[in-house]
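S.K.: Provided below are the primary sequence and the corresponding predicted coordinates.
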There are 2 protein chains.
Amino acid sequence: MCQLLGMNCNVPTDICFSFTGFRARGGRTDHHRDGWGIAFFEGRGVRVFLDPQPSADSPIAELVRHYPIRSLNVIAHIRKATQGVVRLENTHPFVRELWGRYWVFAHNGNLLDYAPRLSGRFLPVGDTDSERAFCHLLDTLARRFPDGPPTPAALFATLRETVREIAAHGEFNFLLSNGERLYAHASTRLCYRVRQAPFAAAHLCDEDLTMDFSEVTTPQDRVAVIATTPLTDNETWTPIPPGTLVGFCEGAVEERAQ
Amino acid sequence: MCQLLGMNCNVPTDICFSFTGFRARGGRTDHHRDGWGIAFFEGRGVRVFLDPQPSADSPIAELVRHYPIRSLNVIAHIRKATQGVVRLENTHPFVRELWGRYWVFAHNGNLLDYAPRLSGRFLPVGDTDSERAFCHLLDTLARRFPDGPPTPAALFATLRETVREIAAHGEFNFLLSNGERLYAHASTRLCYRVRQAPFAAAHLCDEDLTMDFSEVTTPQDRVAVIATTPLTDNETWTPIPPGTLVGFCEGAVEERAQ
């Protein structure tokens, strides 16, 4: 099982606290030693740090932990290889451009007998089921909406339909973002926590570290954090029911559908 | 004027030495303070580090300088903004996927009255002439060869023709790579140095640093380094004549055409 971490906010926020706990799962508190990656949207741009090394030992993870990149949308992934060897081209998250925006995707699970017909517009570079599923999602969006991005509701509906088709092939927990919205699909395990006023202190599960969010936020701030399993042990996390797609926008749930 | 740095090798090589001198040009020995970026191909995968901060002060540049990522193809860029504000989405190098391979591009120059017709398959995310030119190049390749990559000779010929069209709009020094080959076009300033046996010591122009390549190479190694201006002051660099496209493969010039 891989580990997923996502963040969607209404003001640019750094992910240092959550990343500290998440990172420990890459070889220290858990056994996901087959590389890791993190993507930060900043404006329309995206910064991606990828490392085929375990995140607990990675100098790049050390940099990310201490370098407060402020972002509205973040997707991170720690890999336990199921399909595809441990190589950079198989390291999540993956990035492609559609409609003049970057799209970022990370997957936790395993898809079997999954060979979608792809038009060629988006092709996998590596050999994982995950990147194939990402190309399939974007290919479907590009063919359905050739003239540019549709309304968020139409986009959500098309995703919902395509995700159902892909999820029939196996475990398909994923995070997907275009820098504005973040979509989370649970096939087995995924949960989230929305932090908003009144803010309180949170304590990590994977490290003995506490952060008092009331000291670093304003009353208008809102941050949704999505993870494979809860990152903190003193907050309530909401499980996403299996088979559910959730769309987050500005730190809150905007749409959800089974 | 921006600064370009490229490397194309026959064995995976780290770029720490060249990057040390190159990086000094981002705010210390030269005035390119509008961000920087570097892309490393490793196998079919690519790692890109982008920073809208000056490279001389950047913690990410500090990491890259000390972290010997070994690569067959590297493209780096330090930006002096001409078109497009200083933002992450305008920071070179740019990446897209075509035919199941990543393509990386960085540009030095300025294109005027340049509004190519794009099919929509590749669209700029930011607002630079550079990203527009990259999309134009890939769009042309994708339309000309819809069934997959052509022979290297046919690819070179199509690039040559499209580059001529784009270069009619202004200064168009660029580096482009698909992880196998690296293409360099000089419109005004670009030069290269092929290092091969017998290897000798090289001394940087921008820092007082010497590296004896005979200590870290085997007789079969071959490395082509391409830069806006020579990076060392005790080696002979070959200027690329204005209007010339050069294709590098395995550390040597494979094709060139005016």
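M.R.: Nice, thanks for sending it over.

S.K.: mind checking pLDDT for the closest residue to residue A:134 other than its chain neighbours?
M.R.: Leaving out its chain neighbours, the residue that sits closest to residue A:134 by C-beta to C-beta, 6 or more residues apart in numbering or on different chains is residue A:105, at 4.1 Å. Using the backbone N, CA and C atoms, a C-beta is placed for each residue, glycine as well. Here, the pLDDT recorded for residue A:105 equals 98.

S.K.: what does residue A:22 give?
M.R.: Predicted confidence (pLDDT) for residue A:22: 83.

S.K.: now the one 10 residues further on
M.R.: Confidence at residue A:32, expressed as pLDDT, is 56.

S.K.: One more: residue A:205?
M.R.: On the pLDDT scale, residue A:205 gets 88.

S.K.: what residues are up against it?
M.R.: Taking C-beta atoms under 8 Å, 6 or more residues apart in numbering or on different chains, we find residue A:205 in contact with A:21, A:229-233.

S.K.: Just name the lowest-scoring one in those residues, pLDDT-wise.
M.R.: Within those, residue A:21 has the lowest pLDDT, namely 81.

S.K.: ok, that one to residue B:91 distance?
M.R.: Distance, residue A:21 to residue B:91, by C-beta to C-beta, to the nearest Å: 30 Å.

S.K.: higher neighbour count, those two?
M.R.: Using other C-beta atoms under 10 Å in any protein chain shown as the criterion, residue A:21 and residue B:91 rank with residue B:91 on top: 27 against 22.

S.K.: residue contacts, residue A:162?
M.R.: Residues near residue A:162 by C-beta under 8 Å, 6+ apart: A:136-137, A:140.

S.K.: Close to chain B: what parts of chain A are there?
M.R.: Selection of chain A residues close to chain B by C-beta under 8 Å from any C-beta of the partner chain yields A:42-50, A:59-60, A:63, A:67, A:87-91, A:95-97, A:99-102, A:120-126, A:146.

S.K.: Give me the subset of those residues that lies in strands.
M.R.: A:42, A:45-50, A:95-97, A:101-102 (DSSP state E).

S.K.: Where does pLDDT dip in the stretch 51-200 of chain A?
M.R.: In the predicted model of the stretch 51-200 of chain A, residues A:55-56 satisfy pLDDT under 70.

S.K.: hang on, the earlier thing: take the contacts of residue A:205 and keep only those in strands.
M.R.: Going by DSSP E, the strands hold none of the contacts of residue A:205.

S.K.: Need the residues you listed in a markdown table (columns: distance to residue B:203).
M.R.: Listed next are the contacts of residue A:205 as a markdown table, based on distance: C-beta to C-beta, whole Å:
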| residue | distance to residue B:203 |
| --- | --- |
| A:21 | 47 |
| A:229 | 54 |
| A:230 | 55 |
| A:231 | 50 |
| A:232 | 53 |
| A:233 | 56 |
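
S.K.: Of these, which count as buried by neighbour count?
M.R.: Restricting the contacts of residue A:205 to buried positions leaves A:21, A:229-232, with burial counted as 16 or more other C-beta atoms under 10 Å in any protein chain shown.

S.K.: who's in contact with residue A:4?
M.R.: Residue A:4 is in contact with A:75-77, A:106-108, A:173-175, A:190, A:226-228, counting by C-beta under 8 Å, 6+ apart.

S.K.: Kindly report the same for residue A:141.
M.R.: A:98, A:155, A:158-159.

S.K.: follow-up on the earlier one: list only buried entries from the residues of chain A next to chain B.
M.R.: Among these, those scoring as buried are A:42-50, A:60, A:63, A:87-91, A:95-97, A:99-102, A:121-126 (criterion: 16+ other C-beta under 10 Å).

S.K.: Identify the residue of the stretch 101-250 of chain A closest to chain B, quick one.
M.R.: Chain B sits closest to residue A:123 of the stretch 101-250 of chain A, with a gap of 3.8 Å, by C-beta to the nearest C-beta.

S.K.: How about that residue: what's its closest non-neighbour residue?
M.R.: Distance criterion C-beta to C-beta, 6+ apart; nearest residue to residue A:123, sequence neighbours excluded, is residue B:100 at 3.8 Å.

S.K.: and residue A:166, that one's in a strand?
M.R.: No: applying DSSP: H, G, I helix; E, B strand; the rest coil, one finds residue A:166 to be helix, outside a strand.

S.K.: Quick check: it touching residue A:113?
M.R.: No: under the criterion of C-beta atoms under 8 Å, residue A:166 is not in contact with residue A:113, lying 11.7 Å apart.

S.K.: taking the buried ones among the contacts of residue A:205 one by one, which sit in helices?
M.R.: Taking DSSP state H, the ones among the buried ones among the contacts of residue A:205 that sit in helices are residue A:21.

S.K.: for the closest residue to residue A:138 other than its chain neighbours, what are its contacts?
M.R.: Nearest non-adjacent residue to residue A:138, counting by C-beta to C-beta, 6+ apart: residue A:122, 4.7 Å away. Going by C-beta under 8 Å, 6+ apart, residue A:122 touches A:96, A:98, A:134-135, A:138-139, A:142, B:97.

S.K.: partners of residue A:248 in the sheet?
M.R.: residue A:182, residue A:253 (DSSP bridges).

S.K.: Measure how buried it is and give me the count.
M.R.: Burial measure for residue A:248: 26 neighbouring residues, criterion other C-beta under 10 Å.

S.K.: do you know how far it is from residue A:223?
M.R.: 10 Å.

S.K.: Which residues are in contact with each of these two?
M.R.: Taking C-beta under 8 Å, 6+ apart as the criterion, residue A:248 and residue A:223 both touch residue A:8.

S.K.: Helices along the stretch 101-250 of chain A, start to end?
M.R.: Along the stretch 101-250 of chain A, the stretches classed as helices by DSSP state H, counting those that start in this stretch are A:129-144, A:152-167.

S.K.: Highest mean neighbour count out of the ones you listed?
M.R.: Compared across the helices of the stretch 101-250 of chain A, helix A:129-144 shows the largest average neighbour count, a mean of 22 (mean count of other C-beta atoms under 10 Å in any protein chain shown).

S.K.: now the angle from it to strand A:94-98?
M.R.: 10 degrees (axes from the mean of the first three to the mean of the last three C-alpha atoms, to 10 degrees).

S.K.: Can I get helix A:129-144 in PDB, CA atoms only?
M.R.: C-alpha atoms of helix A:129-144 as PDB (Å, rounded to 0.1, in the frame of the first residue of the first chain):
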ATOM      1  CA  ASP A 129      -1.200   1.000 -13.900                       C
ATOM      2  CA  SER A 130      -1.300   4.400 -12.100                       C
ATOM      3  CA  GLU A 131       0.100   6.500 -14.900                       C
ATOM      4  CA  ARG A 132      -2.100   4.600 -17.400                       C
ATOM      5  CA  ALA A 133      -5.200   5.500 -15.300                       C
ATOM      6  CA  PHE A 134      -4.100   9.200 -15.200                       C
ATOM      7  CA  CYS A 135      -3.700   9.200 -19.000                       C
ATOM      8  CA  HIS A 136      -7.100   7.500 -19.400                       C
ATOM      9  CA  LEU A 137      -8.800  10.200 -17.200                       C
ATOM     10  CA  LEU A 138      -7.200  13.100 -19.100                       C
ATOM     11  CA  ASP A 139      -7.800  11.500 -22.500                       C
ATOM     12  CA  THR A 140     -11.500  11.100 -21.600                       C
ATOM     13  CA  LEU A 141     -11.700  14.800 -20.500                       C
ATOM     14  CA  ALA A 142      -9.900  16.000 -23.600                       C
ATOM     15  CA  ARG A 143     -12.200  14.000 -25.900                       C
ATOM     16  CA  ARG A 144     -15.400  15.000 -24.100                       C
END
